[in-house]
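Enquirer: need the 3D shape of this:
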Amino acid sequence: MADISKAVRMAVDTGKVKFGTRDGVKAALKGDAKLILLSGNCPSETRADIERHAKLSGVGVHVFSGTSIELGSLCGKPFPISALTILEPGNSSILEIINK
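Expert: Below you'll find the predicted structure:
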């Protein structure tokens with residue numbers, strides 16, 4: 001988990017990301033996303049919706065082991081984040097770590 005945490009933080013700092021489930025669904029529909037990271041406590045209905053759209057567009061989905069509050073904190077935000085959409089990973093190795 002430490003590697004994923006570092007990679008997520010690096011992606012937020014150096015790459016192009018979007019926060020939130022609505023942006024996650026939009027990016028999955030368009031196929032713009034490289035990866036969508038969902039919090040462990042993301043609502044099941046939202047999770048199923050994002051996973052369905054992501055599968056149709058060939059976008060990878062990974063469930064983060066922490067809660068939305070932990071994911072928000074990891075991203076340096078003072079609010080919970082249920083979905084983090086990675087459009088460009090920047091200097092992060094998040095895509096390689098997730099695909100292992």
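
Enquirer: what's the helix or strand for the most centrally placed residue in the chain?
Expert: Centroid-nearest residue in the chain: residue 37, 2.3 Å away (criterion: C-alpha atoms, centre = their mean). Element membership for residue 37 (DSSP states H and E) is strand 35-38.

Enquirer: can you list the residues that contact the next helix or strand after that strand?
Expert: Going down the chain from strand 35-38, the next helix or strand is helix 44-57, by DSSP H and E. For helix 44-57, the surrounding residues in contact (C-beta atoms under 8 Å, 6 or more residues apart in numbering) are 21, 24-25, 28-31, 33, 36, 38, 59-61, 63, 82-83. For every residue, glycine as well, the C-beta is placed using N, CA and C.

Enquirer: burial count for residue 8?
Expert: Neighbour count for residue 8, taken as other C-beta atoms under 10 Å: 24.

Enquirer: sorry, that was for residue 41
Expert: 17.

Enquirer: and it, how far from residue 70?
Expert: Separation of residue 41 from residue 70 (C-beta to C-beta, to the nearest Å): 9 Å.

Enquirer: quick check: mean pLDDT of the strand holding residue 37?
Expert: In this model, strand 35-38 has a mean pLDDT of 95.

Enquirer: repeat for stretch 62-70
Expert: The model assigns stretch 62-70 a mean pLDDT of 94.

Enquirer: can you give me the neighbour number for residue 99?
Expert: 9.

Enquirer: quick check: closest non-adjacent residue to it.
Expert: Using C-beta to C-beta, 6 or more residues apart in numbering and skipping residues adjacent in sequence, the residue nearest residue 99 is residue 60, 7.3 Å away.
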